[in-house]
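the following comprises the amino acid sequence and a computationally predicted model.
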Amino acid sequence: MSNPDRGAYTPPTDAPLSFDARQPVRGARPAPMMLIVSALVLVVLVVAIVIFYRSGVHEANGLPPAVGTPTAEIKAPAPAEAQPADPAAGLQIYQSTDGQAPPAQPNFTAPPEQPQARTEAPPVVTAPAAPPVQTIT
């Protein structure tokens, strides 16, 4: 029902444009289809992730496949020639292995270049400026 006495800024109270917060007594509300569809998509994604996680290259409870050929068990110690005779052979720390003493003074690079005295710059001579040219127009 229209109200002709309402002001300019009063919202209309006609049926299609009005909002009634009360629930209708008769009839049921429509089902929230977007919520139901998004819940189904979420469930499908969770199931797909679980399936991909559980499946893989190996069975669910099995060991991963072996890579390469298996080696036989070692029952004897390693031969003597397989081990190095002297682990410090060839190392030079503070003395050489030949029995020579290390050099007394280390070999450093050449010292830096020493600064040289400055040379005097020639005096700067300035020529007097020419007078400005005046043009008569």
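Arrived safely. Residues are numbered from 1 along each chain as shown.

where does this structure dip in pLDDT?
Scanning the chain for pLDDT under 70 picks out 1-4, 11-28, 56-62, 64, 92, 94-103, 137.

what about the strands in it?
Applying DSSP state E to the chain gives no strands.

do you have the helices of it handy? List them.
Secondary structure of the chain, counting by DSSP state H: helices at 33-54.

residues contacting residue 93?
Listed by C-beta atoms under 8 Å, 6 or more residues apart in numbering, the contact set of residue 93 is empty. Heads up, the C-betas are built off the backbone N, CA and C, glycines and all.

how far away is it from residue 85?
19 Å (C-beta to C-beta, to the nearest Å).

again, but for residue 124
79 Å.

try residue 49
Counting by C-beta to C-beta - residue 49 and residue 85 are separated by 58 Å.

and residue 127, by the same measure?
Between residue 127 and residue 85 the computed distance is 88 Å (C-beta to C-beta).

circling back: residue 49 and residue 85: which is more packed in?
residue 49 (10 against 7; other C-beta atoms under 10 Å).

so what's residue 86 up against?
Counting by C-beta under 8 Å, 6+ apart, there are no residues that residue 86 touches.
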